[in-house]
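Novice: test case, fold it:
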Amino acid sequence: MLNGFINIDKPVGLTSYSVIRELKPYLNNSKLGFIGTLDPIASGVLPVSVGFANRLSEEINSNKKEYIAKGILGEETDTYDSEGKVTGKAKFDHISEEDFIKVLSSFVGEKEQKAPIYSALRIDGERMYNLARKGIDIKPKIRKVELFSAELIDFSPPLFQIKILCGKGFYVRSLIDDIGKKLNSLSHMVDLRRTLSGAFSIDSSVDIETAKNKLADNLFKDLIIPSQEVLGGFKMINIDDFELKKILTGTPIKMNMGYKEKDKLAFLDSSNNLIAVGIIEDGMGAPKKVIRNA
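Specialist: Predicted structure coming up:
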């Protein structure tokens with residue numbers, strides 16, 4: 001069974017689920033998923049998980065994500081982006097580049113952010129965008145998010161372009177909506193590109209057609225990123241055949257000195273294939289997720 005990740009450069013116009021449907025015929029019966037949804041308006045890094053990697057999404061360090069976003073001043077929309085309905089207009093000729101930089105920098109740090117009502121967050125088990133499309137009046141969720149850095153790349157009113165590094169759950173279109181209001185104007189997002197998602201960079205990504213061609217030619221090794229390569233903070237443990245049998249049945253194994261309680265472990269077989277992840281418990285290497293259950 002194939003296991004690992006494919007770092008796809010998603011094009012504008014496709015949903016994240018559409019990417020899965022495009023690749024699935026080339027990957028036999030392997031289970032596919034992805035880390036971090038990208039809306040159709042957005043392009044860029046979309047890590048696709050294959051096989052056992054689907055069970056590792058919580059372990060993959062994807063807390064830091066980098067985006068390059070373009071916005072336009074003078075108009076707001078109900079979705080905070082260009083796919084929505086214009087709900088207001090305002091002047092923007094009073095905004096200088098210096099003003100913009102000052103306001104942008106004020107959002108750096110851990111802040112409360114209002115999520116768009118047209119988002120995949122759930123209220124009472126239903127997606128917010130479904131409720132919004134039904135015309136149901138809902139209050140946007142407010143959550144704490146973190147913006148690590150923000151840089152103005154271009155300021156050509158009414159258009160502007162920014163580059164940000166943010167944490168998990170951050171909505172770039174909410175930031176752009178907030179920027180407009182804080183500048184005593186309005187704004188919405190017109191383009192978004194994700195250039196980094198944890199260990200996955202745009203520089204090592206491939207487009208969908210390239211991925212399909214490689215898979216069709218059985219060039220799996222040229223495309224699949226082994227899961228252990230993106231498991232940040234895990235200690236790699238090579239095990240012998242005797243230990244392998246124990247790990248595959250969920251049985252803890254003895255560990256050499258030098259490990260601390262709750263250290264995260266990645267168990268590799270003699271061919272350096274990832275077969276389980278686990279932790280140190282009572283001085284033993286305890287498997288928590290095993291490949292046979294993928």
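Novice: Val12: what's it in contact with?
Specialist: Taking C-beta atoms under 8 Å, 6 or more residues apart in numbering, we find Val12 in contact with 40-43, 191. Heads up, the C-betas are built off the backbone N, CA and C, glycines and all.
Novice: how much space between it and Lys70?
Specialist: From Val12 across to Lys70, the span is 12 Å (C-beta to C-beta, to the nearest Å).
Novice: also Gly13?
Specialist: 16 Å.
Novice: and the contacts of Val12, which is closest to Ile279?
Specialist: Closest approach to Ile279 among these (C-beta to C-beta): Ala42, at 35.0 Å.
Novice: looking at Gly13 and Lys70, which is more packed in?
Specialist: Applying other C-beta atoms under 10 Å to Gly13 and Lys70 shows that Lys70 carries more neighbours, namely 17 against 10.
Novice: what residue is smack in the middle of this structure?
Specialist: Centroid check for the chain by C-alpha atoms, centre = their mean gives Gly36 as the closest residue, at 3.0 Å.
Novice: can you tell me the helix or strand for that residue?
Specialist: Under the criterion of DSSP states H and E, Gly36 resides outside all helices and strands.
Novice: distance from the centroid: which residue in the protein tops it?
Specialist: Distance to centre of the chain, C-alpha atoms, centre = their mean, peaks at Phe242 (37.4 Å).
Novice: so where's the stretch 51-200 of the chain shaky on pLDDT?
Specialist: For the stretch 51-200 of the chain, applying pLDDT under 70 flags the ranges 61-62, 117-141.
Novice: just the buried members of the contacts of Val12?
Specialist: Buried members of the contacts of Val12, scored by 16 or more other C-beta atoms under 10 Å, are 41-43, 191.
Novice: any idea which of the residues you listed is closest to Gly109?
Specialist: Ala42 (24.0 Å).
Novice: give me the nearest residue to that closest one, chain neighbours excluded.
Specialist: Nearest residue to Ala42, sequence neighbours excluded (C-beta to C-beta, 6 or more residues apart in numbering): Leu192, at 4.1 Å.
Novice: confirm for me that the one you found is in contact with Phe170.
Specialist: No. Counting by C-beta atoms under 8 Å, Leu192 does not reach Phe170; the two are 11.9 Å apart.
Novice: helix, strand, or coil at the residue farthest from the centre of the chain?
Specialist: Three-state call for Phe242 (DSSP: H, G, I helix; E, B strand; the rest coil): helix.
Novice: where's Leu73 relative to Tyr259, distance?
Specialist: Counting by C-beta to C-beta, the gap from Leu73 to Tyr259 is 54 Å.
Novice: tell me which of the two has more neighbours.
Specialist: Neighbour comparison, Leu73 and Tyr259: the larger count goes to Leu73, with 23 against 16 (by other C-beta under 10 Å).
Novice: residue contacts, the more buried one?
Specialist: If you count contacts by C-beta under 8 Å, 6+ apart, Leu73 has them with 92, 95, 157-160, 180, 183, 185-187.
Novice: same deal with Lys111?
Specialist: Neighbour list for Lys111: 144-147 [criterion: C-beta under 8 Å, 6+ apart].
Novice: still on that earlier bit, can you redo the buried ones among the contacts of Val12 as JSON lines with secondary structure?
Specialist: Converted to JSON lines, these look like this (three-state DSSP):
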{"residue": "Ile41", "secondary structure": "coil"}
{"residue": "Ala42", "secondary structure": "strand"}
{"residue": "Ser43", "secondary structure": "strand"}
{"residue": "Asp191", "secondary structure": "strand"}
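Novice: which of those has the weakest pLDDT?
Specialist: Minimum pLDDT for those is recorded at Ile41 (90).
Novice: ok, that one to Tyr80 distance?
Specialist: 11 Å.
Novice: that older thread, can you name the two of the contacts of Val12 that sit furthest apart?
Specialist: Checking those with C-beta to C-beta, the most distant pair is Pro40 and Asp191, at 12.1 Å.
Novice: all good on my end, thank you.
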